[in-house]
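Sequence first, predicted model second:
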Amino acid sequence: MRRWLPAFALLALAGCTPPSPPAYMVGPPWQGDHGVWFYPAESFSADQTGLAAVITDHPSGQTADHEAYDPAALAAAHQTLQLPAIAQVTNLQTGLQLTLRINDRGPADPGRLIGLTPRAAQLLGVPAGGVAQVRVQVLTLPSQKLAAQLGGGPAPVAAVPVGTVTADELAPPAGVAQSDRGHRPAAPQPASAEPTPEPIPDRLPEAVVQTAPRPGRLYLDAGRFDGAQFANFRQARLAFLPARVERSRVGRQTSYRVVAGPFRSVEAADAALDRALDAGVPDARIVVE
């Protein structure tokens, strides 16, 4: 059985710095289970599928971005996304959908895409100690707004400053009467200040949306490559699964994906992932299609 342990808790158990105010962060690479390294990166348009786990223990009491861990909050942990981020998470098996604050690093298990607080899991219909097929979509504008609110992320585009316009009365050209000059247009007025936007709250409301359930099948995504030769090498390494190479083309760009499956159960997908990791494929992941 795969046990949840947030990545930040691994650091906390070894000793960590004193608590500090919540802040926007991307963070350094970190090592999870099976010796797999994760490389955090900023993405405001991420759209991923995989398996969600439920947070059953959080010994540090603090999230990776220095927020207080609250099991009743609508929050989650992700292995590589910037923290915090706002994401729409859908349980593909129940169709239940929530907007969550991703504010922690994890899960350490490479076979799990996201870790849910007990309250978020309950509202999404994920059983305690169980897993669920999920889709995680980062909400671009709220996430950028939150990053700016905390002093990080992409810098907002500043409005062009409006200078003072000075008008002067000029004499009419020779032969033109004063009345022929028409009315002088009014000088441009400085733009009014934009209203201060409402900040993103630390605690998101419990707004559950019921969508149509769309359960999928579990596959092992073992890497994407620009060249067929590299994909064939990866396929050969995973011949015991067996794996295959899928070719796709978007515009003039051709890519090759190495994939195995579908698998009949979560246990079968987990076993395939473990074998792929043991075979030296650290970027293999479980996806839902």
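Sure, I can see it. Numbers count the residues shown, from 1 in each chain.

separation between Gln97 and Leu81?
18 Å (Cβ to Cβ, to the nearest Å). Placement of C-beta: from N, CA and C, glycine included.

what do you get for His34?
Between His34 and Leu81 the distance is 21 Å, computed by Cβ to Cβ.

From the neighbour counts alone, determine which of the two ranks first.
Leu81 (25 against 15; other Cβ atoms under 10 Å).

can you give me the strands in the stretch 151-289 of the chain?
With strands called from DSSP state E, counting those that start in this stretch, the stretch 151-289 of the chain shows them at 209-210, 218-225, 243-250, 253-263, 285-288.

Now render these as TSV, adding mean neighbour count, mean pLDDT and distance to Pro199.
Listed next are the strands of the stretch 151-289 of the chain as TSV, based on neighbours: other Cβ atoms under 10 Å; pLDDT from 0 to 100; distance: least, Cβ to Cβ, whole Å:
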stretch	mean neighbour count	mean pLDDT	distance to Pro199
strand 209-210	10	98	23
strand 218-225	21	97	37
strand 243-250	12	95	38
strand 253-263	18	97	40
strand 285-288	22	98	34
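
between these, which gets nearest to Ala272?
Evaluated over those, closeness to Ala272 peaks at strand 218-225, with 5.1 Å, by Cβ to Cβ.

Residues touching the closest one, excluding its own?
Here strand 218-225 makes contact (Cβ atoms under 8 Å, 6 or more residues apart in numbering) with 51, 133, 231, 234, 238, 241, 243, 255-263, 265-266, 268-269, 272-273, 276, 281, 283-289.

can you rerun that using 6 Å?
The contact list for strand 218-225, computed with Cβ atoms under 6 Å, 6 or more residues apart in numbering, reads 231, 234, 238, 243, 255-263, 269, 272, 281, 283-287, 289.

so where's the protein shaky on pLDDT?
1-20, 153-197 (pLDDT under 70).
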